[in-house]
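Asker: after the sequence you'll find the predicted model.
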Amino acid sequence: MTTTEKQTLGFQTEVRQLLDLMIHSLYSDKDIFLRELISNASDAVDKLRFEALRDESLYEGDSDLKIRVQVDKAARTITIADNGIGMTRDEVIENIGTIASSGTRRFFERLTGDEAKDARLIGQFGVGFYSAFMVADRVTLLTRRAGTASAQGVRWESAGTGDYTVETVERPERGTAVVLHVREGEDEFLDDHRLKAIIRRYSDHITLPIVMPAADGASETVNKAAALWARPRQDITELEYDEFYKHVAHDFEAPLAHIHSRVEGKQEYTALLFVPRRAPFDLFDRDRRYGVKLYVRRVFIMDDAEQLLPNYLRFVRGVIDAADLPLNVSREILQKSRDIDTIRSGATRKVLDLLAELAEKEPEKYRTFWAEFGVVLKEGVVEDAGNRERIAKLLRFQTTAESGDGVSLADYVARMVEGQDKIYYVTAESAAAARHSPHLEIFRRKGIEVLLLTDRIDEWLVTHLSEFEGHALRSVAKGDLDLKGVGRDEDGPKVAETEEPEWKALSERMAKVLGDKVKEVRVSHRLTESPACLVAGEHDLGIHLERLLKAAGQNTPASRPVLEINPGHPLVVRLRSESSEQRFADWTMLLFDQAILAEGGTLEDGADFVHRLNGLLLGLQGA
């Protein structure tokens, strides 16, 4: 079979799942099918404009760009057509037959069967074309890519089941027409007035004219067809902002917040930027390209200009319209442009100011933002030294005092106990592991609050955020600890001066057993309940960070921890009087292994640990 003949092909598994959700009316608001198809048509025209900057012949003598919507009641069809870039046969199969994203499996695993929750998920997934099957029992797509011969048109058709047909056809017009064969029971969408009302509600901001046949047989432009961001802010309603966001982000929910800013002076540009309400499912997909749309004097240039905002703000959606860039700007030019650097710097500050305003004036909204995007924003502490202080004020942490929505560093500093001048933190795999860390025992006894850092990025965050408002950040699990004069008086076990030589002798004896597993063994000032814990050197990698790096396959500098022992714990007291060298060695190794497990680590030889533990338990039983 040649590629010009008609083929019947099967949908990708993920597409079949998605179509099944669409056809069974997942959405209660079916109006959005028209918004999504018009948004796709608008994107296709924008892409033609961009490619035509380099090759005007792509216009094929027709530069009157528009979107046409037409109803045929007798045939029960709705047609949404554009004269944009169009698609080749291969592009049709790639763009419609498959969903090219490495995170699709995770997306479908998150579907719950709850229609309201699943609708939001699909909105994050961005699958506008398939929404056609909400109202149609068959969809026909006719397309031809600009610049190709009329004989290279493509016809695609599917009933939304397991397969579709595709064939090469004659098509004089460039661009794409989507024909919806409306199913029984959806007759309301065959009414011109109903469609016009939907367009005015959802697509009024589209910069292209959206035309429909008028009563006198002429064409009528239904929308305002003006760039929303170019209009005065006082003339734009919240509903218009929301619908514009849904268009640029292909989201089904209104945004959490937005900023509309016009900058004049040496560098002139307009920014209309939105913070989504929810994170897209592929926010951490390394292959996913993010960014805002770039326009130059209202002419679309590119869809995902990642140079306009730093990577840690990749969740932001919207438009930046620059007045001073050349129309033929490329990604390579963007990377080297001082003008772009200025825009990037200004837009970044605007977004961070918006977040700061949310945190101060609308804390509920900020809590929503932090739950969705907090981990991403933390990346900014590592990546953006110039805005590190701004970002630090936006950070939120769980602490030993609070486990709810998070504490700011400013709040933490404001409630430091008497004598405290440092911000203390502990890192761990989870909040539960952090809360149960033996390193926190003395801090609880003294009433000192400790930050619980459990995101993977936190280990890198604290290496770049060394202080906040003059207060150093200090790990509770590194170096020696001196809390004299800080917080409540310590009433835990202490080593009497007369016993110090005995404890020193015990430490040296244990260190001899452990050999090069530890740097030293010493009496602890941080333990009040646990028998022992591991402590990293003041300038060494943290034990948790070292474990993360090794898990990622990276070589780490060789470092040995310090084993600290609690002189008030019965096991340690017993160990001091143990006369059997074998039992002493077994107890020492047991305490060391327990300390590793308490840190969330993995033992080198689990079977040896079990054997040693059983032997000691049997020995105690015999005693």
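Answerer: Perfect, I can see it now.

Asker: can you pull out the helices in the stretch 1-150 of the chain?
Answerer: Along the stretch 1-150 of the chain, the segments classed as helices by DSSP state H, counting those that start in this stretch run 13-23, 32-52, 89-97, 104-109, 115-125.

Asker: show me where the stretch 201-350 of the chain has its helices.
Answerer: Going by DSSP H, counting those that start in this stretch, the stretch 201-350 of the chain shows helices at 238-249, 331-336, 338-361.

Asker: in the first one, what's buried?
Answerer: Along helix 238-249, these residues count as buried under the neighbour rule (16 or more other Cβ atoms under 10 Å): Glu240, Tyr241, Asp242, Glu243, Phe244, Tyr245, Lys246, His247, Val248, Ala249. C-betas here are computed from N, CA, C, even on glycine.

Asker: likewise for the last one?
Answerer: By neighbour count, with 16+ other Cβ under 10 Å as the criterion, the buried positions of helix 338-361 are 339-340, 342-344, 346-348, 350-352, 354-355, 358-359.

Asker: what separates Ala433 from Leu534, distance-wise?
Answerer: 14 Å (Cβ to Cβ, to the nearest Å).

Asker: so the two - more neighbours on which side?
Answerer: For Ala433 versus Leu534, the count of surrounding residues by other Cβ atoms under 10 Å is larger for Leu534: 21 against 17.

Asker: where does that one land in three-state SS?
Answerer: strand (DSSP: H, G, I helix; E, B strand; the rest coil).

Asker: the nearest residue to it once chain neighbours are set aside: neighbouring residues, count only.
Answerer: Leaving aside its chain neighbours, Leu534 sits nearest to Pro561 (4.3 Å; criterion: Cβ to Cβ, 6 or more residues apart in numbering). Close neighbours of Pro561, defined as other Cβ under 10 Å, add up to 23.

Asker: could you shift the numbering so residue one becomes 262, and keep it that way?
Answerer: Sure, I'll start counting at 262 from here, so that last one is Pro822.

Asker: which residues sit in contact with Pro822?
Answerer: Counting by Cβ atoms under 8 Å, 6 or more residues apart in numbering, Pro822 touches Val779, Lys780, Leu795, Val796, Ala797, Gly798, Ile804.

Asker: which one of those residues sits in the busiest neighbourhood?
Answerer: Using other Cβ under 10 Å as the neighbour criterion, Val796 leads those with 27 neighbours.

Asker: any idea how far the nearest residue to that residue once chain neighbours are set aside lies from Phe853?
Answerer: Spatial nearest neighbour of Val796, excluding adjacent residues (Cβ to Cβ, 6+ apart): Val823 at 4.5 Å. Look at Val823 and Phe853: by Cβ to Cβ, they are 11 Å apart.

Asker: same deal with Gly776?
Answerer: Counting by Cβ to Cβ, the gap from Gly776 to Phe853 is 11 Å.

Asker: repeat that for Leu824.
Answerer: 6 Å.

Asker: could you do Gly867 as well?
Answerer: Gly867 is 14 Å from Phe853, by Cβ to Cβ.

Asker: again with Thr409
Answerer: Taking Cβ to Cβ, one finds Thr409 at 71 Å from Phe853.

Asker: can I get the helices of the stretch 462-611 of the chain in TSV with distance to Ala540 and mean pLDDT?
Answerer: TSV is the format used below for the helices of the stretch 462-611 of the chain (distance: least, Cβ to Cβ, whole Å; pLDDT from 0 to 100):
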stretch	distance to Ala540	mean pLDDT
helix 499-510	12	90
helix 592-597	25	70
helix 599-622	15	94
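
Asker: with distance to Leu877 added, can I get these in TSV?
Answerer: Putting these into TSV (distance: least, Cβ to Cβ, whole Å) gives the following:
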stretch	distance to Leu877
helix 499-510	61
helix 592-597	63
helix 599-622	53
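
Asker: now do the SS call for the closest residue to Glu839 other than its chain neighbours.
Answerer: Of all residues not flanking Glu839 in the chain, Phe845 sits nearest, at 4.5 Å (Cβ to Cβ, 6+ apart). Assigned by three-state DSSP, the conformation of Phe845 is helix.

Asker: what's the answer for the one 3 residues further on, then?
Answerer: When the structure is reduced to helix, strand and coil (three-state DSSP), Trp848 reads as helix.

Asker: could you pull up the residues touching Val678?
Answerer: Lys707, Gly708, Ile709, Glu710, Val747, Gly748, Arg749.

Asker: how many neighbours does the closest residue to it other than its chain neighbours have?
Answerer: Sequence neighbours aside, Gly748 is the residue nearest to Val678 in space, at 4.3 Å (criterion: Cβ to Cβ, 6+ apart). Gly748 has 18 neighbours, counted by other Cβ under 10 Å.

Asker: assess the claim that Gly748 and Lys707 are in contact.
Answerer: Yes. The pair Gly748 / Lys707 is scored as a contact, 3.4 Å apart, by Cβ atoms under 8 Å.

Asker: so what's Asp333 closest to, chain neighbours aside?
Answerer: Counting by Cβ to Cβ, 6+ apart, the residue nearest Asp333 is Thr340, at 7.5 Å.

Asker: again but with Asp323, I slipped
Answerer: Asn344 (6.3 Å).

Asker: and what of Ala486?
Answerer: Pro470 (4.5 Å).

Asker: residues contacting that neighbour?
Answerer: Lys327, Ile328, Thr482, Asn484, Ala486.

Asker: for the first one, what are phi and psi?
Answerer: Meaning Lys327. When read as degrees, to the nearest 10, the backbone of Lys327 gives phi -160, psi 170.

Asker: spatially central residue for the protein, please.
Answerer: Central residue check for the chain by Cα atoms, centre = their mean: the C-alpha nearest the mean position is that of Leu544, 3.5 Å away.
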